[in-house]
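Participant: with the sequence up front, the predicted model follows.
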Amino acid sequence: MGGGGETVTAASPTTPTPEDLSAAVRGGAKVRMGLPIRVEMGDRGVASLDLVARARGDPDPWVVTRIDREIVDMMSSSGRGFYVSGMPPAPDDFVTILRALAAAPTAAKRHWRGANRTRREAGRIALTIQDAMIRGRILDHVDGWSAIEDGSKVIDEDAANGKLIEPDPAVATCRILIVRCPSTSRVYALRVPAEMATAQEARLWTLGDGWSAPPEVET
């Protein structure tokens, strides 16, 4: 399932090979109905046998789960579940998130000479994610903050309201308000109109029409 209750059809996942199954049995995996029900497959993730799918004779009854820090990607032959810090993305963000993750340098190439270019591209894509919370998590995950900061112009900054910047036009044509949550210390990149002149004005704009002064309590 994708976010918002939408089903995202997935290609057949990487199911265990006969070698994977043999290794699982030798490693002491729990066995039911003659097959291991959990198979560790290294970088390919963990395959879990869906006993209901197996009982009804599905040709591919395995669910393959890949976990990379706060990213959980679950694939089966009938659908895909994707979660960022436990949050399911909205359908409109699903493909964008996958594009950002695909553009980011792998762990093995994090210090490769071309990593900065791919990191910036991943950040540029991540900035278009509509959900601000998931946007911040993905920017963290792909180390994409440099796409926002590099080549940007600081318009205004204050401790109470954050930092308002004008990014490189190749990254975004709006202005970006960078704020830190006082409770979790999470950093967020909020997209605001290009005419915003101060960090306070931009923060009030994110709260909706009618705000003329900061609220007494942050929520």
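Facilitator: Yep, that arrived. Bear in mind the structure is a predicted one, so any value in this text is a computation, not a measurement. Numbers count the residues shown, from 1 in each chain.

Participant: next, the contact list for Asp156, please.
Facilitator: Residues near Asp156 by CB atoms under 8 Å, 6 or more residues apart in numbering: 163-164, 197-199. For the C-beta atoms, the positions are set from N, CA and C on the backbone; glycine is no exception.

Participant: hmm, which of these are the buried ones?
Facilitator: 163-164, 199 (16 or more other CB atoms under 10 Å).

Participant: filter those residues down to just the ones in strands.
Facilitator: 163-164 (DSSP state E).

Participant: for the buried ones among the contacts of Asp156, give me JSON lines that also has pLDDT and distance to Val31.
Facilitator: Putting those into JSON lines (pLDDT from 0 to 100; distance: CB to CB, whole Å) gives the following:
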{"residue": "Lys163", "pLDDT": "94", "distance to Val31": "56"}
{"residue": "Leu164", "pLDDT": "95", "distance to Val31": "59"}
{"residue": "Ala199", "pLDDT": "94", "distance to Val31": "59"}
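
Participant: now the buried ones among the contacts of Asp156 as CSV including distance to Leu51?
Facilitator: Below are the buried ones among the contacts of Asp156 laid out as CSV (distance: CB to CB, whole Å):
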residue, distance to Leu51
Lys163, 52
Leu164, 54
Ala199, 54
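
Participant: all strands of this protein, in order?
Facilitator: Secondary structure of the chain, counting by DSSP E: strands at 31-32, 35-36, 38-40, 46-49, 62-68, 71-76, 79-84, 153-158, 162-166, 175-180, 187-192.

Participant: nearest to His141, out of those?
Facilitator: Nearest to His141 among the strands of the chain is strand 71-76 (6.3 Å), distances taken as CB to CB.

Participant: check which helices and strands that closest one is in contact with.
Facilitator: Under the contact definition 3 or more CB pairs under 8 Å, 6 or more residues apart in numbering; DSSP states H and E, strand 71-76 sits against strand 62-68, strand 79-84.

Participant: mind checking how far Val25 is from Ala147?
Facilitator: 46 Å (CB to CB, to the nearest Å).

Participant: got a list of what the residue nearest in space to the middle of the chain touches?
Facilitator: The residue lying closest to the centre of the chain (CA atoms, centre = their mean) is Ile138, at 4.0 Å. Residues near Ile138 by CB under 8 Å, 6+ apart: 84, 97, 100-101, 126, 129, 144.

Participant: can you rerun that using 6 Å?
Facilitator: 97, 100, 126 (CB atoms under 6 Å, 6 or more residues apart in numbering).

Participant: drop anything exposed from these.
Facilitator: Among the contacts of Ile138, those that count as buried by neighbour count (16+ other CB under 10 Å) are 97, 100, 126.

Participant: so can I have JSON lines of these showing pLDDT and distance to Ile176?
Facilitator: Output for the buried ones among the contacts of Ile138, formatted as JSON lines (pLDDT from 0 to 100; distance: CB to CB, whole Å):
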{"residue": "Ile97", "pLDDT": "94", "distance to Ile176": "19"}
{"residue": "Ala100", "pLDDT": "94", "distance to Ile176": "16"}
{"residue": "Ala126", "pLDDT": "93", "distance to Ile176": "12"}
